[in-house]
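Trainee: below is the sequence, then the predicted model.
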Amino acid sequence: MSPTTTPTAPRRLTSQDFRTLGLAALGGALEFYDFIIFVFFAAVIGKLFFPPDMPDWLVLIQTFGIFAAGYLVRPVGGVVLAHFGDLFGRKRVFSFSILLMALSTLGMALMPTYATIGVAAPILLVVMRLLQGAAIGGEVPGAWTFVAEHVPFRRVGFACGFLCSGLTLGILLGSFIATIINSVFVPETIAAWAWRVPFLLGGVFGLLAVWLRRWLQETPIFTEMKASRALSPELPLKTVLRDHMRGVIVSVLLTWILSAGIVVTTLMTATFLQKLYGYTAQQALAATSFGTLFLIFGTAAAGAIVDRVGSGRFFIFGGLFFGAATFAFYSFAATSLTVLFVLYAIMGLSVGMVGAVPYVMVRAFPARVRFSGLSFSYNMSYAIFGGMTPIAVTTLLAVNPMAHAWYLLFIAALTVGLGIYLSLHGETVESDAGIEELTARLAGH
């Protein structure tokens, strides 16, 4: 960026900015709850939607396979929604994605099981999961694009970190509801009907989020680009793949880090604590909720910190903290319930470094193709690494009982390496002087 576009006195966040952030984060929390509630009832769903004589280990792998199906379809849904978001507006896509999520989650709540319709049950489950994946594929990159184009340029880290906290709140809400269900009902009642309650609530929550997003306004950057006819003159994804591959690669690696941090330490660990460490379902879900609470604080703090210190230094130190905290957790989690909660709190804070991921990603692409660039990179990476991680880690556990911990150590090393790269090559991986100048002017340079 040229010296003439360097900010000297960026404006502060206004009440309207906070209103936009609050509505976007709350809507994202409700949609993310819908997407992840599946994993908290994976064991129950596996028994209900697969043949009763199937071995437990195979049921677990196939159930996580259906969980992965939601990730595998994300690139298609994300690219399609992002295409319309870059050409016709962020807000419309932002609202449609959550409507699709609400309807598919309600569908999951009402589905018959294997005992009722046989093999059609897992097929319907996959279909609903695919619709959820298409919806979430547009939600996260759309949300990052939306808030980044509303707030002052030098508050993008805080805004995206705050939004990640909202998404994490959806995970906490899912864990909280799952804990209540497992505490109030006996296993027989859960298997009979109570497992449907979280999905029914999720559908209602999703419809509430659709209503809440009526109050959001289109981003000023997109409005200005549309008025000045600065929108992409060709297919946005074509521009991304032709002109911004370096941004795509960095964003893919960042998303790999984000997906590993969330999928393994939060979504899969509730099952690990029961299967590998000997805790009850209630204890495991309570610990997950406690750790996720600290993850919420960690993501918000990461966004605020990266605004001040830059992404390079942040990810170097964040990666080291993440590696030490996760390996300590999985090494000593079985010691006692107290140790489990303390270590989960520390690990939650360390995983919070993922709140700084969108800080780099929204800078990796110019505004006219930002939604498409973010969505393609994020969803392709999540489809591969987020979707396959549960299957790969579960399979490797048969070989090494600490496979999950070693995998996260590798992710920590990748984070440090990427931090070094960003320190050497700068935070803005790609740049388009005209669009970035427009972004700076409208966002409060």
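Mentor: Alright, I've got the coordinates.
Trainee: so, low pLDDT: which residues of the stretch 151-300 of the chain?
Mentor: Along the stretch 151-300 of the chain, segments meeting pLDDT under 70 span 219-220, 222, 224-234.
Trainee: could you pull out the helices for it?
Mentor: All helices of the stretch 151-300 of the chain, identified by DSSP state H, counting those that start in this stretch, fall at 156-184, 187-189, 196-212, 220-227, 236-243, 245-262, 269-275, 281-309.
Trainee: which helices and strands does the first one pack with?
Mentor: To tie it back to what came earlier, the one meant is helix 156-184. helix 15-40, helix 120-148, helix 196-212, helix 281-309, helix 357-361 (3 or more Cβ pairs under 8 Å, 6 or more residues apart in numbering; DSSP states H and E). For every residue, glycine as well, the C-beta is placed using N, CA and C.
Trainee: check the last one too.
Mentor: Using 3+ Cβ pairs under 8 Å, 6+ apart as the contact criterion, the elements in contact with helix 281-309 are helix 156-184, helix 269-275, helix 311-332, helix 337-351, helix 357-361.
Trainee: buried residues, that helix. List them.
Mentor: 281, 283-307 (16 or more other Cβ atoms under 10 Å).
Trainee: ok now it, how far from the chain's centre?
Mentor: 13 Å (Cα atoms, centre = their mean, to the nearest Å).
Trainee: the second one now?
Mentor: Relative to the centre of its chain, helix 187-189 is centred 31 Å away, using Cα atoms, centre = their mean.
Trainee: how about the first one?
Mentor: Shown here is helix 156-184, whose average C-alpha point lies 11 Å from the average C-alpha point of the whole chain (Cα atoms, centre = their mean).
Trainee: on that earlier part again, could you look over the helices and strands packed on helix 281-309 and pick the most buried one?
Mentor: Ranked by mean neighbour count, the helices and strands packed on helix 281-309 are led by helix 357-361 with a mean of 28 (mean count of other Cβ atoms under 10 Å).
Trainee: for stretch 36-50, buried residues please.
Mentor: So, applying 16+ other Cβ under 10 Å, buried residues of stretch 36-50: 36-50.
Trainee: now swap in stretch 389-396 and tell me
Mentor: 389-391, 393-394.
Trainee: tell me the one of those residues nearest Val252?
Mentor: Thr389 (14.5 Å; Cβ to Cβ).
Trainee: need phi/psi at His150.
Mentor: phi -100, psi -30 (degrees, to the nearest 10).
Trainee: does it touch Phe18 like I think?
Mentor: No: if you go by Cβ atoms under 8 Å, His150 and Phe18 don't touch, sitting 10.4 Å apart.
Trainee: so between these two, which is more surrounded?
Mentor: His150 (27 against 13; other Cβ atoms under 10 Å).
Trainee: distance check, that one against Thr20.
Mentor: Look at His150 and Thr20: by Cβ to Cβ, to the nearest Å, they are 5 Å apart.
Trainee: list the buried residues of stretch 69-82.
Mentor: Buried residues in stretch 69-82 (16+ other Cβ under 10 Å): 69-75, 77-82.
Trainee: and which of those is nearest Ile411?
Mentor: Tyr71 (16.8 Å).
Trainee: pLDDT score for the closest one?
Mentor: Reported pLDDT at Tyr71 in the predicted model: 68.
Trainee: begin at 574 from now on, thanks
Mentor: Fine by me, first position is 574 from now on; the one you just mentioned is Tyr644.
Trainee: and for Ala694, the neighbour number?
Mentor: Count around Ala694 with other Cβ under 10 Å applied: 18.
Trainee: please apply the same query to Arg815.
Mentor: For Arg815, using other Cβ under 10 Å, the count is 9.
Trainee: hang on, the earlier thing: now distance to Leu698 too, for the helices of the stretch 724-873 of the chain, in a markdown table please.
Mentor: As requested, these are exported to a markdown table (distance: least, Cβ to Cβ, whole Å):
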| stretch | distance to Leu698 |
| --- | --- |
| helix 729-757 | 18 |
| helix 760-762 | 20 |
| helix 769-785 | 11 |
| helix 793-800 | 37 |
| helix 809-816 | 30 |
| helix 818-835 | 22 |
| helix 842-848 | 18 |
| helix 854-882 | 21 |
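Trainee: nearest to Leu704, out of those?
Mentor: It is, among those and with distance given as Cβ to Cβ, helix 769-785, at 11.9 Å.
Trainee: how far does that closest one sit from the chain's center?
Mentor: Counting by Cα atoms, centre = their mean, helix 769-785 comes out at 18 Å from the chain centroid.
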